[in-house]
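> this is a predicted model, with the sequence first.
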Amino acid sequence: MVELGALKIDLGAQQARWSEKPIPLRPNEFRLLRFLAENPNRVLSRQEMIEGLGKQEPPIDPRTVDVWIGRLRRAFRSAGAGNPLRTVHAMGYVLDAP
């Protein structure tokens, strides 16, 4: 279990919740959220996120991360979480945690 404030990630059940409300995620978005939650308040580059997900073969276009982040943001909003993911121009993304 990974907990950051209202965010709870149950690794065994492969489920994330915001204030007890389920966050619907696809497998890649779940793995990305887990990786971001394991590195809170740290700017991660697209390449670091791809490597953190173990997605190096076959090669993945780094812009694919932008799609995953967009889906995560929509999932957070649908669970009432707002947007805890911040874009850091020319560097990557960060999960802002309390």
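Nice, thanks for sending it over.
> buried ones in stretch 3-13?
Buried residues in stretch 3-13, counted by 16 or more other C-beta atoms under 10 Å: 4, 7, 8, 9. Heads up, the C-betas are built off the backbone N, CA and C, glycines and all.
> got these as CSV, with secondary structure, distance to residue 40 and pLDDT columns?
As requested, the buried residues of stretch 3-13 are exported to CSV (DSSP: H, G, I helix; E, B strand; the rest coil; distance: C-beta to C-beta, whole Å; pLDDT from 0 to 100):
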residue, secondary structure, distance to residue 40, pLDDT
4, strand, 6, 89
7, strand, 9, 92
8, strand, 13, 94
9, strand, 11, 95
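> now find how far off-centre the helix or strand hosting residue 73 is within its chain.
Assigned by DSSP states H and E, residue 73 falls within helix 64-78. Centre-to-centre, helix 64-78 and its host chain are 8 Å apart (C-alpha atoms, centre = their mean, to the nearest Å).
> quick one on the thing from earlier: would JSON lines of the buried residues of stretch 3-13 with distance to residue 57 be doable?
Output for those, formatted as JSON lines (distance: C-beta to C-beta, whole Å):
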{"residue": "4", "distance to residue 57": "30"}
{"residue": "7", "distance to residue 57": "30"}
{"residue": "8", "distance to residue 57": "32"}
{"residue": "9", "distance to residue 57": "26"}
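> closest to residue 90 among those residues?
Lowest distance from residue 90 to those (C-beta to C-beta) belongs to residue 4, with 25.5 Å.
> number of nearby residues for the closest residue to the closest one other than its chain neighbours?
Among residues not flanking residue 4 along the chain, residue 97 sits closest, at 4.2 Å (C-beta to C-beta, 6 or more residues apart in numbering). Using other C-beta atoms under 10 Å, residue 97 has 15 neighbouring residues.
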